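**Q** next come a sequence and a model predicted from it.
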2 protein chains.
Amino acid sequence: MKKIDVIQNILEANETIASRNQQLLDKQKVFALNIMSAPGAGKTSLILQTLARLKSRLNIAVIEGDVASTVDAEKVQSEAKAVVQINTRNMSESCSLIAAMIESALKDMPLDDIDLILIENVGNLICPSEFALGEHKRVVISSLPEGDDKPTKYPLIFTDAHAVIINKMDLLPHVDFDIANFRGSIQGLNPKAEFFEISCKTGEGIERWSSWVLEQVETNTSKK
Amino acid sequence: MKKIDVIQNILEANETIASRNQQLLDKQKVFALNIMSAPGAGKTSLILQTLARLKSRLNIAVIEGDVASTVDAEKVQSEAKAVVQINTRNMSESCSLIAAMIESALKDMPLDDIDLILIENVGNLICPSEFALGEHKRVVISSLPEGDDKPTKYPLIFTDAHAVIINKMDLLPHVDFDIANFRGSIQGLNPKAEFFEISCKTGEGIERWSSWVLEQVETNTSKK
């Protein structure tokens, strides 16, 4: 019980900082997306595709969360208006991005000049679902090779998402994945979620996704 | 700092229970493998392939760790000598199997009649690396569609593994994955790790893997 109390306190403290982050973002008219997935599902690829489509219309910053390394930050460096890398290190530190890390990253960003922040969480379907960051919308990416049972096995992260993406649609002929079964699971957990089928490799579905992102920014907090 | 102290205490308590689990397993001459990977990399498929190859030679039990659901336990039920499902629920409870869960599962198992326990950890490359369970060897599966940068991004779990498996080799023509780069990263982190390239779909590499498992059981704790 002791452990759960301590973690409960940590989660409550996190909520407080997350609210403060969101107030700052709202004041500065910056829209933030928290992008979550299992390792290797395509968070960085989605961010690169989103930058390619929208960087002429929006000033976009990226916060890269990784346990270790800066490989993802290096990939997006040349395309984003600003990039901050956060290394979460081991589980003893954190198995997810947490609001305090974002608070610190926001201090390093020229918020006056930014419309949209894409936050790449660490690759993990468990921990990120419990730590609000101050984001306006949460996006979960599943990829075809992971199998269609992920919503059943990791329900919380899918239940709380505003958008669910299936990536790597190009692999459909080569893997066993029942899209109807996956969509049925999402429908059961979270019928309001927006749903996208994309391939970051071929570009399939990226236009619809980018239009949705643009609409979110313009509806919510745009400076334009 | 407070948070880290508390988690340090939890990790130390876990080590104590893990040692007790391993003493019990050694006394009963049961060999245990802790199988870890990202979600959807093929832990259950590897267990099914291992059961198919070795169940005529060894009495094999399975412990299935999942956040939610019993879908994996149902898949292995007919092939294993005994199956125990553990649902870890949310991160507030645990983002990994922990030794106390295994201690409890071992009480439900006919250890006198078992040679090998395959423990399927939850799909997560971060938390399981810090919680010993009492296992004799640790196995990490990466799958080709995840990309070859996973050892760089999640180094601890690969550093502490006795065996590293690349699964889904059948997808090699369809994804970008540099096997030499992946192997080079493993070599840098953990040069002693055994290395296997397999496809649970086609059966490629499963014979060599099964022989390795059989050798571990026979060398270490076999009743035969």
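**A** That came through fine. Residues are numbered from 1 along each chain as shown, chains lettered A, B, ... in the order given.

**Q** what sits against the spatially most central residue of chain A?
**A** Geometric centre of chain A, nearest residue: A:Ile35, 0.7 Å, by C-alpha atoms, centre = their mean. Counting by C-beta atoms under 8 Å, 6 or more residues apart in numbering or on different chains, A:Ile35 touches A:43, A:46-47, A:118-121, A:139, A:141. Bear in mind the C-beta positions are built from the backbone N, C-alpha and C, glycine included.

**Q** what do you get for A:Leu118?
**A** For A:Leu118, the contact set (C-beta under 8 Å, 6+ apart) comprises A:33, A:35, A:47, A:50-51, A:60-63, A:80.

**Q** okay, angle between the longest helix anywhere in chain A and helix B:2-27 too, please.
**A** Secondary structure of chain A per DSSP state H: the longest helix is helix A:2-27. Using axes from the mean of the first three to the mean of the last three C-alpha atoms, to 10 degrees, one finds that helix A:2-27 and helix B:2-27 are set 140 degrees apart in direction.

**Q** strands of chain A, start to end?
**A** Remark: strands assigned in chain A by DSSP state E are A:31-37, A:60-66, A:82-87, A:116-123, A:137-143, A:163-167, A:194-197.

**Q** rewinding a little: what is the nearest of the contacts of A:Ile35 to B:Ala105?
**A** Using C-beta to C-beta, A:Asn121 comes nearest to B:Ala105 of the contacts of A:Ile35, at 30.8 Å.

**Q** picking up where we left off before, and the strands of chain A as CSV, adding mean pLDDT and distance to B:Val76?
**A** Formatted as CSV, these follow (pLDDT from 0 to 100; distance: least, C-beta to C-beta, whole Å):
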stretch, mean pLDDT, distance to B:Val76
strand A:31-37, 98, 26
strand A:60-66, 96, 33
strand A:82-87, 94, 37
strand A:116-123, 97, 26
strand A:137-143, 98, 23
strand A:163-167, 98, 27
strand A:194-197, 98, 31
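
**Q** the inter-axis angle of the longest helix of chain A versus strand A:31-37?
**A** On the basis of the same axes, to 10 degrees, helix A:2-27 is oriented at 140 degrees to strand A:31-37.

**Q** and helix A:2-27, which residues are buried?
**A** Residues of helix A:2-27 classed as buried by neighbour count (16 or more other C-beta atoms under 10 Å in any protein chain shown): A:6-7, A:10, A:14, A:17-18, A:21-22, A:24-25.

**Q** now those residues as a markdown table including distance to A:Arg183?
**A** A markdown table is the format used below for those (distance: C-beta to C-beta, whole Å):
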| residue | distance to A:Arg183 |
| --- | --- |
| A:Val6 | 38 |
| A:Ile7 | 33 |
| A:Ile10 | 34 |
| A:Asn14 | 31 |
| A:Ile17 | 35 |
| A:Ala18 | 30 |
| A:Asn21 | 32 |
| A:Gln22 | 30 |
| A:Leu24 | 36 |
| A:Leu25 | 31 |
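
**Q** packing partners for the helix or strand bottoming out on mean pLDDT in chain A?
**A** In chain A, no helix or strand scores lower on mean pLDDT, DSSP states H and E than helix A:2-27, which sits at a mean of 87. If you count contacts as 3 or more C-beta pairs under 8 Å, 6 or more residues apart in numbering or on different chains; DSSP states H and E, helix A:2-27 packs onto strand A:31-37, helix A:99-107, helix B:2-27.

**Q** between strand B:116-123 and the longest one, find me the angle.
**A** Between helix B:2-27 and strand B:116-123, the angle comes out at 160 degrees (the same axes, to 10 degrees).

**Q** and helix B:2-27, how far out from the chain's middle?
**A** 18 Å (C-alpha atoms, centre = their mean, to the nearest Å).

**Q** now do the first one
**A** Taking C-alpha atoms, centre = their mean, one finds strand A:31-37 lying 3 Å from the centre of the chain it belongs to.

**Q** go on, stretch A:98-110?
**A** Worked out by C-alpha atoms, centre = their mean, stretch A:98-110 lies 15 Å from the chain centre.

**Q** what do you get for stretch A:193-206?
**A** Mean-position distance between stretch A:193-206 and its chain equals 15 Å (C-alpha atoms, centre = their mean).

**Q** please apply the same query to stretch A:180-195.
**A** 18 Å.

**Q** buried ones in it, by neighbour count?
**A** Within stretch A:180-195, the residues that count as buried by 16+ other C-beta under 10 Å are A:182-183, A:185-186, A:189-190, A:193.

**Q** dump the residues you listed to CSV, plus distance to chain B.
**A** Output for the buried residues of stretch A:180-195, formatted as CSV (distance: C-beta to the nearest C-beta, whole Å):
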residue, distance to chain B
A:Phe182, 12
A:Arg183, 17
A:Ser185, 10
A:Ile186, 15
A:Leu189, 11
A:Asn190, 14
A:Ala193, 18
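
**Q** among those residues, which are in helices?
**A** Those of the buried residues of stretch A:180-195 lying in helices (DSSP H): A:182-183, A:185-186, A:189.

**Q** that older thread, between the contacts of A:Leu118, which sits nearest B:Leu156?
**A** Nearest to B:Leu156 among those is A:Ile63, at 22.4 Å by C-beta to C-beta.

**Q** tell me the bridge partners for the closest residue to that closest one other than its chain neighbours.
**A** Leaving aside its sequence neighbours, A:Ile63 sits nearest to A:Ile119 (C-beta to C-beta, 6 or more residues apart in numbering or on different chains; 4.6 Å). Judged by DSSP bridges, the bridge partners of A:Ile119 are A:Asn34, A:Ile63.

**Q** now A:Ile119: how far from B:Asp178?
**A** 28 Å (C-beta to C-beta, to the nearest Å).

**Q** so the two - more neighbours on which side?
**A** A:Ile119 (28 against 12; other C-beta atoms under 10 Å in any protein chain shown).

**Q** surely the more buried one meets A:Ile102?
**A** Yes - taking contacts as C-beta atoms under 8 Å, A:Ile119 lies within contact range of A:Ile102: 6.9 Å.
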